[in-house]
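J.: Any chance you can model this:
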Amino acid sequence: MKKFLLSLCFIFIFGGFAFSDVFVGLKYGIGETDTNVKKLGGGAGSYEYDNKKSIYAAELGFEVPVSPQTSAAGLKFAYNMFGEVKTKDYKSADDFKNQTYALPMTVYFKFKTSDVGLHFWGGAGMTFASMKSEGNLGGFLKTKTKNIIFPHLSAGIEWRFTKFIGLGIDLGYNFNAKIETSDLFRQYKDLTGFQGLLSARLYFQ
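T.: The predicted model follows:
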């Protein structure tokens with residue numbers, strides 16, 4: 001019986017989205033990040049440190065009308081790739097780096113002035129994030145991958161040039177988004193805080 005009810009829920013959910021707008025998008029921006037990679041390096045001798053705060057993203061979303069011409073509800077998924085963090089000490093040959101990606105899922109509500117024009121939206125969701133860290137200290141090599149899940153809030157404004165093309169600004173805030181390994185080096189990257197991205201979306205109706 002439970003399986004039958006669950007199947008009905010999926011039919012209603014995905015049946016509704018079958019009659020919705022579908023969109024794909026590309027985004028680029030920056031976000032607050034904190035890391036201890038620089039401290040791990042020590043900084044002796046000729047030293048290099050780079051902490052890129054850039055975010056490259058792609059997204060897929062679905063929208064269903066709530067009120068014709070004025071509002072809609074949506075669900076979207078994204079793949080966010082964060083800039084690599086790395087440090088290298090040329091004197092000791094020690095180096096550390098990490099690479100991080102995130103998969104946010106967001107449920108949102110959108111207010112539309114019209115099909116073509118300004119659109120405003122706001123929502124919340126959960127993010128899965130993964131960090132791969134690498135460390136080389138005195139010839140001792142260590143690689144570790146750490147995954148976490150954390151909540152986020154997001155909102156944005158978009159200008160729809162046509163029914164099919166929109167450009168906008170997306171803002172978000174991540175909560176409790178510190179990723180930390182449990183190995184010897186204990187690298188971490190903290191994504192807690194604000195993010196801002198420019199977005200371009202293509203809609204299919």
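
J.: Would you indicate which residues of the helix or strand where residue 101 lies are buried?
T.: Secondary structure assigned from DSSP states H and E places residue 101 in strand 94-112. Within strand 94-112, the residues that qualify as buried by neighbour count (16 or more other CB atoms under 10 Å) are 94-102, 104, 106, 108, 110, 112. C-betas here are computed from N, CA, C, even on glycine.

J.: Which pLDDT value belongs to the residue nearest the centre of the chain?
T.: Taking CA atoms, centre = their mean as the criterion, residue 80 is the residue nearest the geometric centre of the chain, at 4.1 Å. Residue 80 is assigned 96 on the pLDDT scale.

J.: could you measure it against residue 116, distance?
T.: Shown here: residue 80 relative to residue 116, a distance of 29 Å by CB to CB, to the nearest Å.

J.: do residue 35 as well
T.: Distance, residue 35 to residue 116, by CB to CB: 43 Å.

J.: just to revisit the earlier point, contacting residues for the residue nearest to the centre of the chain?
T.: Applying CB atoms under 8 Å, 6 or more residues apart in numbering, we find residue 80 in contact with 55, 56, 57, 101, 102, 103, 104.

J.: can you count the residues close to the first one?
T.: This means residue 55. Here the count is done by other CB atoms under 10 Å, and residue 55 has 24 residues near it.

J.: Kindly report the same for the one 5 residues further on.
T.: Around residue 60 there are 13 other residues, counting by other CB under 10 Å.

J.: With the one 3 residues further on instead?
T.: Close neighbours of residue 63, defined as other CB under 10 Å, add up to 21.

J.: Can you tell me the SS state at the nearest residue to it once chain neighbours are set aside?
T.: Here the nearest residue to residue 63 in space, its sequence neighbours aside, is residue 74; by CB to CB, 6 or more residues apart in numbering that works out to 4.1 Å. The three-state label for residue 74, taken from DSSP: H, G, I helix; E, B strand; the rest coil, comes out as strand.
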